[in-house]
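Participant: pasting the structure only:
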């Protein structure tokens, strides 16, 4: 499930959309500037460093888990030669990650996982 053009943006989703492209700690300040601009654009409130760090932690855990590839506990071997979303048990991932990151909305978690799998596995 991804966010459509007309879907309401949430604070967490806006932050994750920027953080998902952050790969080095040197990029933190630039990413945070982008997040501040987007939060202002969507009228989602003031920048909250604790919340951004929380979402960054989720992003880092997803990046690590997805890059385990076939060693990930969520990886499902498929008969296809090509990578697909089906290679990961997204429903189970949502359940498990919501247990750890309980401040994230379930719809946002689905969207975040789909984006992370797309960027870190399919691309």
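Facilitator: Cool, the structure landed. Worth saying up front: this structure is predicted, and the values here are computed from it rather than measured.

Participant: List the buried residues of the longest helix that the chain contains.
Facilitator: Scanning the chain for the longest helix, with DSSP state H as the assignment, gives helix 49-66. Under the neighbour-count criterion of 16 or more other CB atoms under 10 Å, helix 49-66 has 52, 54-56, 58-59, 62-63, 65-66 buried. Any C-beta I mention is one placed from the backbone N, CA and C, and that applies to glycine too.

Participant: and of those residues, the nearest to residue 36?
Facilitator: The closest of the buried residues of helix 49-66 to residue 36 turns out to be residue 52 (CB to CB; 9.5 Å).

Participant: Not counting sequence-adjacent ones, nearest residue to that closest one?
Facilitator: residue 15 (5.5 Å; CB to CB, 6 or more residues apart in numbering).

Participant: Point me to the helix or strand that includes the one you found.
Facilitator: Take DSSP states H and E as the rule and residue 15 turns out to sit in helix 11-19.

Participant: for that helix, packing partners?
Facilitator: helix 28-41, helix 49-66, helix 106-117 (3 or more CB pairs under 8 Å, 6 or more residues apart in numbering; DSSP states H and E).

Participant: Now do the first one: which elements does it pack against?
Facilitator: The helices and strands touching helix 28-41, judged by 3+ CB pairs under 8 Å, 6+ apart, are helix 11-19, helix 49-66.
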